[in-house]
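Novice: can't give you the sequence, but here's the structure:
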């Protein structure tokens, strides 16, 4: 049982480049979320989805896009990377009606 | 909006010492409360939870009690081990969102 899988684990980008962070879950969870983790700030919610075709903004959505075309996948797109987006990104999923979130191992992103 | 405040870290203890990490929250309604743990290089794992007032969550020797009157959910362990070294996050959920505290780095020395 793979759970929540994030790829890549590490990435270095130049300012202005674009990329997509991948997230897939095999638990048939309705809810999926993206967080960023920065020192001293805990985890902050970027975007979330309550089901295929439905997405919404979290606490820090600027500079990021998401889509949810299937239940399993929830990619996060950076259209034009900025140094302020250097962070560790976590994807999480949970079943509707269950408050427990399942996290991936994270993507460490550096933007030069 | 909802918020979670954790005691400032980092915390350094000797093996077998008593651990308390304070957590207080602000929320509307009746949130569920959680402690997550993050070991080096890994994602977050659920450590324990409590879903209503006076509930006590426990796991791996850790405990926390949902105190509605003081809006607190402090994490305790009677005797820490080196393997408990990690970052601990207090969190609450209300509706579809999970709100985290800042995290507390715990280092346990042999």
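Specialist: Noted; the coordinates are in hand. These numbers come from a predicted model, not from an experiment.

Novice: Output the set of residues of chain A in proximity to chain B.
Specialist: Among all residues of chain A, those adjacent to chain B (criterion: CB under 8 Å from any CB of the partner chain) are A:4, A:31, A:33, A:35, A:40-45, A:48, A:50, A:58, A:90, A:92, A:99-101, A:103-106. The C-beta positions use only the backbone N, C-alpha and C, and glycine is treated the same way.

Novice: Now, those that are in strands?
Specialist: A:4, A:31, A:33, A:35, A:43, A:44, A:45, A:48, A:50, A:90, A:92, A:103 (DSSP state E).

Novice: what sits opposite the fifth one in the beta ladder?
Specialist: In this case it means residue A:43. Beta-bridge pairing for residue A:43 (DSSP bridges): residue A:37.

Novice: okay, which residue is most central for chain A?
Specialist: With distances taken as CA atoms, centre = their mean, residue A:34 lies nearest the centre of chain A, 3.1 Å away.

Novice: picking up where we left off before, give me the buried subset of the ones in strands among the residues of chain A next to chain B.
Specialist: When those are checked for burial by 16 or more other CB atoms under 10 Å in any protein chain shown, the buried set is A:4, A:31, A:33, A:35, A:43, A:44, A:45, A:48, A:90, A:92, A:103.

Novice: Regarding chain B, what is its longest strand?
Specialist: As far as residue count goes, and with DSSP E defining each element, the longest strand of chain B is strand B:86-94.

Novice: Buried residues, it. List them.
Specialist: Applying a neighbour-count criterion of 16+ other CB under 10 Å, the buried positions in strand B:86-94 are B:86, B:87, B:88, B:89, B:90, B:91, B:92, B:93, B:94.

Novice: could I get those as TSV with distance to residue A:62 and pLDDT?
Specialist: Listed next are those as TSV, based on distance: CB to CB, whole Å; pLDDT from 0 to 100:
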residue	distance to residue A:62	pLDDT
B:86	31	96
B:87	26	94
B:88	29	96
B:89	24	94
B:90	26	95
B:91	23	94
B:92	24	93
B:93	24	88
B:94	23	77
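
Novice: Just name the closest of these to residue A:83, please.
Specialist: Minimum separation from residue A:83 among the buried residues of strand B:86-94 (CB to CB) is found for residue B:87, which lies at 23.8 Å.

Novice: ok, which stretches of chain B are strands?
Specialist: For chain B, strands defined by DSSP E occupy the ranges B:3-6, B:11-14, B:19-21, B:23-26, B:32-38, B:44-50, B:56-59, B:62-65, B:75-77, B:86-94, B:97-100, B:104-109.
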